[in-house]
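Trainee: mind folding the following:
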Amino acid sequence: VIGVTGSKGKTVVKEWLYQALESLTEAMRSPRSYNSQIGVPLSLWRLDDRFSMAVIEAGISGTGEMEVIAPLIDPDIVVITNVGEEHALGFRTRREHVAEKVALAASASTVIYDADDELLREMVEMMAGGDKLLVGVSRKDESAPLYVKEVTTGEKGHVRVAYIFRGEEESLELPFDSAWMVSDALYVLASLLVLGMEPARISWIM
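Mentor: Residues are numbered from 1 along each chain as shown. Have a look, this model is predicted:
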């Protein structure tokens, strides 16, 4: 089970991951933006023995909400797309907002997140306790598990992403140049790499 949360890009990342995984195995995902305390149970209701993988979206708008839905999802992998200003009115501070997002990963074995967000990185590392695989995505830190070395725009608005994952340099071409879409693509890329998909296949799928 892959749990996807964040302030922006949750649904895009969830749908993108589902489409990539569907080509490999029987997978299901939350329909539309069913990510609330009502939407998550409705999504999970569809999960049965036909499926070997599920991508479940988790959204929150105030404190205490994630502690209700996180145990229901019980994810193996958590993707935190970002923690921005969207849906932040229900939180007193940004730290409280970030902590609520990170709570989805309490029981997960792997966390994929934006390592360039200092507060998010701090809180993920604080929660990890040394027993989780942390896959930070960074455009600044060359030692990050997924280091984005360069993003260049080519012909027809296509973007080429040069990245290093576990010491191996690879590249990925994306058919758009939207900054937000590129950011979402990096979380999908990190997820598929963690799941063991070959870079060449990822390039073909994305």
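
Trainee: list the contacts for residue 104?
Mentor: 3, 5, 58, 66, 69, 70, 73, 75, 78, 80 (CB atoms under 8 Å, 6 or more residues apart in numbering). Every residue, glycine included, has its C-beta placed from N, CA and C.

Trainee: residue 6 is in contact with the third one, correct?
Mentor: Spelled out, it's residue 58. No - in this structure, residue 58 is not within contact of residue 6 by CB atoms under 8 Å, at 9.1 Å.

Trainee: more neighbours, the two?
Mentor: residue 58 (29 against 25; other CB atoms under 10 Å).

Trainee: find the nearest non-adjacent residue to the more buried one, please.
Mentor: Sequence neighbours aside, residue 5 is the residue nearest to residue 58 in space, at 4.5 Å (criterion: CB to CB, 6 or more residues apart in numbering).

Trainee: got it, and residue 136?
Mentor: residue 115 (2.8 Å).

Trainee: tell me the contacts of that neighbour?
Mentor: 121, 136, 137, 138, 141, 144.

Trainee: kindly confirm my reading that the fifth one is in a helix.
Mentor: No - counting by DSSP: H, G, I helix; E, B strand; the rest coil, residue 141 is located in no helix; its state is coil.

Trainee: now residue 148. Its backbone dihedrals?
Mentor: phi -90, psi 100 (degrees, to the nearest 10).

Trainee: quick check: bridge partners of it?
Mentor: Beta-bridge pairing for residue 148 (DSSP bridges): residue 163.

Trainee: and it, what pLDDT?
Mentor: On pLDDT, residue 148 comes in at 98.

Trainee: what does the one 4 residues further on give?
Mentor: Residue 152 is assigned a pLDDT of 94 by the prediction.

Trainee: ditto for the one 3 residues further on
Mentor: Predicted confidence (pLDDT) for residue 155: 77.

Trainee: noted, bye for now.
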